[in-house]
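*Asks:* Below is the sequence, then the predicted model.
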2 protein chains.
Amino acid sequence: MAGGSGTRFWPKSRTSFPKQFLTLGGPRTLLRQTFDRVVDLVGKEQIYIVTAAQHAEHAREAVPELPPDHVLVEPIGRNTAPCIGWATARITGLDPDARIAVLPSDHYIADERAFRSHLEAAFEAAGDRIVLFGIVPTHPETGYGYIRRGIELATSIGMPILGVERFVEKPDRETAIGYLAEQRYLWNSGMFVFPGRLMAAEIARLLPDLHRGLEELMKTPSALEKIYPSLPSISIDYGVMERSQHIAVLPATFGWSDVGSWDAVMAIETPDEHGNVVRGDAVLVDVKNTLVEAQAGRLVAAVDVGDLIIVDTKDALLIVRRGESQRVKHIVDALKAKKRDDLL
Amino acid sequence: MAGGSGTRFWPKSRTSFPKQFLTLGGPRTLLRQTFDRVVDLVGKEQIYIVTAAQHAEHAREAVPELPPDHVLVEPIGRNTAPCIGWATARITGLDPDARIAVLPSDHYIADERAFRSHLEAAFEAAGDRIVLFGIVPTHPETGYGYIRRGIELATSIGMPILGVERFVEKPDRETAIGYLAEQRYLWNSGMFVFPGRLMAAEIARLLPDLHRGLEELMKTPSALEKIYPSLPSISIDYGVMERSQHIAVLPATFGWSDVGSWDAVMAIETPDEHGNVVRGDAVLVDVKNTLVEAQAGRLVAAVDVGDLIIVDTKDALLIVRRGESQRVKHIVDALKAKKRDDLL
């Protein structure tokens, strides 16, 4: 899934250039990292990207070796259920027995080998279930949804597959601390594996309008521009996950982040001995715990500052206190109010 | 005097573009402000600029109405005594009775009307003296040299002209606090007025090598390139001021700064209600006591920071903690060490 847009990484991300196309947590874009992470396991012929019309060109550039018809271009974003339903319909049309992994293209994973082991286990366990990746929490995160785990259902390549007792919304800090202590909660990673046939059946049962729209689309693919906008806009979480009886969770510890903010970037990068993360050309004197993203062809110089996030681009510069990077949205809102579309 | 070079205003000032060509304390360059401040009083035909070869073009652009031969171009900088000696020789050659004001082109003056009153008084008092402008201290500044004032010598347009007991070097903070309390010390502004004949005589008496060189230069102006580099490199302070018996000081309170650092810029600009000084395009959210210099065509956005100096240029960005801007030299030194002449 590479349809996401957003401005939490402004000024690097823009409306036309969202997070999945940024190089975060390494020299490759997040989309490219996501592709590279699985291509040796499944082969490029088995990979599909669903993206938005305005991002299709960037997506193709990021993964030029992908067969052209494996990029599914949504004429308009309709949330995750139509996106996943469409890909599922396409893939099960080719192979009714396919097992499918849904992977957001803008996440970071530290231990890619461990990730692949979990993915193999999930494919194996997904004979008659939708198997979610549930991340074992490392801190009381308030930015993620949680899954309360149930009893052990099975084991797959030595990994336990658990039932899901319930899904819970992003908690406040106190609640998150409780979840961490209780050790029964996992972060909902938004990554999952399922038999295509099961997902299609659950969509038919739980989201009949979507099911009919997708059937129509499979019959008349040329009517995409007309049909797709009419699909119900709903998330796979609300539409299927929270209502299906066939959900399981695979606990995972491979170091995962949805990279939701510049602060999250600092958490996934390896700082130098002063706690700084520096990308690009910089001269730092007495600078600590600071993220510097310098634009090619420009120098960032800093003296006697700390706990800053400094992001320099060709037309805009952001400086925000560390820990406050979610407030970048205030800048974006101000630019919208000023109709500065050139900077959005 | 517009020969100064320096990098205390890096990244705005560069080797080829020093402070006098920056727009600080208003929309005009400091050089232009200096010209405008006196032109109505003396007329452009009475104004000379001494500058360095690499700055001559910028100087002519800043003051295009100046007669071309009123820009004296030093082939090489030899400190202030040759600079002032040369201009004095040129001017007294045209008018032996001329009274001359020497004004650095990179200073800021808040109350220009008061400045002109003082300048008139100094011209009047400079019949047989070198009259220095001594600024009444407003705070215990450690960045300026001081003048210990002596007895009152005369009055000029109602302003007292005082003797000079002695010159003192830049003091440490404790000493500066003592000077402020004692009320007998004035800041040495580096601005002064004198009869051309007296300065020429003092140079002949105190700096005979310079005198001979200047005589030669007046005889053979075409030999400038050969003669000027041979002149002794010495400041007017050491060479004349501290050794002459004809020095007086005019106390002044017109709001003066030699604008020696980015912190000094904050002191001369009028901050907004959050204590910020913003020049250029900026969006600030919860930002206090911060200087923002934005480059044309670029936006500076900041969230939840304070006491910063942010200077953005087309190829380099500086962020330094307020109060520490003299440490910009560490950046410049680092760039020199890296041979980054493109940024110097």
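*Replies:* Nice, I can see it.
*Asks:* Need the pLDDT of the residue in the stretch 1-150 of chain A positioned nearest to chain B.
*Replies:* Nearest residue of the stretch 1-150 of chain A to chain B (C-beta to the nearest C-beta) works out as residue A:11 at 7.1 Å. Just so you know, the C-beta spots here come from the backbone N, C-alpha and C atoms, and that holds for glycine as well. For residue A:11, the pLDDT comes out at 96.
*Asks:* And residue A:289, by the same measure?
*Replies:* pLDDT at residue A:289 comes out at 98.
*Asks:* That one reaches residue A:307, doesn't it?
*Replies:* Yes. Using C-beta atoms under 8 Å, residue A:289 makes contact with residue A:307 at a distance of 5.0 Å.
*Asks:* Identify the contacts common to the two.
*Replies:* residue A:322 (C-beta atoms under 8 Å, 6 or more residues apart in numbering or on different chains).
*Asks:* can you list the weak-confidence ranges in the stretch 151-300 of chain A?
*Replies:* Filtered on pLDDT under 70, the stretch 151-300 of chain A yields no residues whatsoever.
*Asks:* Up against chain B, what does it have?
*Replies:* A:283, A:285-286, A:294, A:297-300 (C-beta under 8 Å from any C-beta of the partner chain).
*Asks:* biggest separation within these, which pair?
*Replies:* A:286 and A:297 (25.5 Å; C-beta to C-beta).
*Asks:* These two: who's more crowded?
*Replies:* A direct count of neighbours by other C-beta atoms under 10 Å in any protein chain shown for residue A:286 and residue A:297 places residue A:286 higher, at 15 against 10.
*Asks:* residue contacts, the more buried one?
*Replies:* Residues near residue A:286 by C-beta under 8 Å, 6+ apart: A:303-304, B:327.
*Asks:* What of residue A:173?
*Replies:* A:140, A:142.
*Asks:* Relative to residue A:323, how far out is it?
*Replies:* In this view, residue A:173 and residue A:323 are 13 Å apart by C-beta to C-beta, to the nearest Å.
*Asks:* Just the helices from the stretch 101-250 of chain A, written as ranges.
*Replies:* Applying DSSP state H, counting those that start in this stretch to the stretch 101-250 of chain A gives helices spanning A:112-125, A:173-182, A:196-206, A:208-219, A:224-227, A:236.
*Asks:* deepest of the ones you listed, which one?
*Replies:* Highest mean neighbour count of these: helix A:236, a mean of 24 (counted as mean count of other C-beta atoms under 10 Å in any protein chain shown).
*Asks:* what sits up against it?
*Replies:* Contact with helix A:236 is made by A:80-81, A:84, A:102, as judged by C-beta under 8 Å, 6+ apart.
*Asks:* Residue A:170: how many residues sit nearby?
*Replies:* 13.
*Asks:* Was I right to think it contacts residue A:145?
*Replies:* Yes. The pair residue A:170 / residue A:145 is scored as a contact, 5.8 Å apart, by C-beta under 8 Å.
*Asks:* Who are the contact partners of residue A:192?
*Replies:* A:101-102, A:122, A:130-133, A:241.
*Asks:* which one of these has the most neighbours?
*Replies:* residue A:131 leads the contacts of residue A:192 on contacts (other C-beta under 10 Å) with 31 neighbours.
*Asks:* just to revisit the earlier point, restricted to strands, list the contacts of residue A:192.
*Replies:* Judged by DSSP state E, those include A:101-102, A:130-133 as members of strands.
*Asks:* now those in a markdown table, with pLDDT and distance to residue A:33?
*Replies:* Output for the ones in strands among the contacts of residue A:192, formatted as a markdown table (pLDDT from 0 to 100; distance: C-beta to C-beta, whole Å):
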| residue | pLDDT | distance to residue A:33 |
| --- | --- | --- |
| A:101 | 98 | 15 |
| A:102 | 98 | 16 |
| A:130 | 98 | 24 |
| A:131 | 98 | 22 |
| A:132 | 98 | 21 |
| A:133 | 98 | 16 |
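*Asks:* Strands of the stretch 201-344 of chain A, start to end?
*Replies:* Counting by DSSP state E, counting those that start in this stretch, the stretch 201-344 of chain A has these strands, from start to end: A:247-252, A:256-257, A:277-279, A:281-285, A:291-293, A:299-303, A:308-312, A:316-321.
*Asks:* ignore the last one, the stretch 51-200 of chain A
*Replies:* Going by DSSP E, counting those that start in this stretch, the stretch 51-200 of chain A shows strands at A:71-74, A:99-102, A:108-109, A:130-135, A:146-156, A:159-168, A:185-195.
*Asks:* helices or strands up against the shortest one?
*Replies:* In this structure, strand A:108-109 makes packing contacts with helix A:30-42, strand A:256-257, judged by 3 or more C-beta pairs under 8 Å, 6 or more residues apart in numbering or on different chains; DSSP states H and E.
*Asks:* most neighbours per residue, which of those?
*Replies:* Most buried of those by mean neighbour count (mean count of other C-beta under 10 Å) is strand A:256-257; its value is a mean of 22.
*Asks:* so what's residue A:278 up against?
*Replies:* Contacts for residue A:278 (C-beta under 8 Å, 6+ apart) come out as A:272, A:284, A:291-292, A:294.
*Asks:* So residue A:232 sits against residue A:209, correct?
*Replies:* Yes. The criterion here is C-beta under 8 Å, and residue A:232 meets it with residue A:209 at 5.1 Å.
*Asks:* Please report the distance of the residue positioned nearest the centre of chain A from residue A:259.
*Replies:* Centroid check for chain A by C-alpha atoms, centre = their mean gives residue A:104 as the closest residue, at 3.5 Å. Here residue A:104 is placed at a distance of 10 Å from residue A:259 (C-beta to C-beta).
*Asks:* Ok, residue A:209 next?
*Replies:* Counting by C-beta to C-beta - residue A:209 and residue A:259 are separated by 33 Å.
*Asks:* Does residue A:193 touch residue A:103 like I think?
*Replies:* No. Taking contacts as C-beta under 8 Å, residue A:193 lies outside contact range of residue A:103: 9.4 Å.
*Asks:* Hmm, residue A:207 and residue A:243 touching each other?
*Replies:* No. The pair residue A:243 / residue A:207 is not scored as a contact, 9.3 Å apart, by C-beta under 8 Å.
*Asks:* neighbour-wise, which of those two wins?
*Replies:* Counted by other C-beta under 10 Å, residue A:243 and residue A:207 do not tie: residue A:207 has more neighbours, with 23 against 13.
*Asks:* check contacts around the nearest residue to the more buried one once chain neighbours are set aside.
*Replies:* Take residue A:207 and drop its neighbours on the chain: the residue closest to it by C-beta to C-beta, 6 or more residues apart in numbering or on different chains is residue A:239, 5.0 Å away. The contact partners of residue A:239, by C-beta under 8 Å, 6+ apart, come to A:81, A:203, A:206-207, A:210.
*Asks:* quick check, nearest of those residues to residue B:37?
*Replies:* Once C-beta to C-beta is applied, the member of those that ends up nearest residue B:37 is residue A:81, at 70.8 Å.
*Asks:* Number of residues surrounding the closest one?
*Replies:* There are 23 residues near residue A:81, going by other C-beta under 10 Å.
*Asks:* Also residue A:58?
*Replies:* 18.
*Asks:* Double-check it against residue A:13; I have them as touching.
*Replies:* No. Assessed by C-beta under 8 Å, residue A:58 is found out of contact with residue A:13, at 11.5 Å.
*Asks:* got any residues that touch both of these two?
*Replies:* By C-beta under 8 Å, 6+ apart, residue A:58 and residue A:13 have these common neighbours: residue A:21.
*Asks:* hang on, residue A:302 packs against residue B:320?
*Replies:* Yes. Counting by C-beta under 8 Å, residue B:320 is a contact partner of residue A:302 at 6.8 Å.
*Asks:* Now do residue A:5, the pLDDT please.
*Replies:* 76.
*Asks:* and it, how many neighbours does it have?
*Replies:* Residue A:5 is flanked by 16 other residues according to other C-beta under 10 Å.
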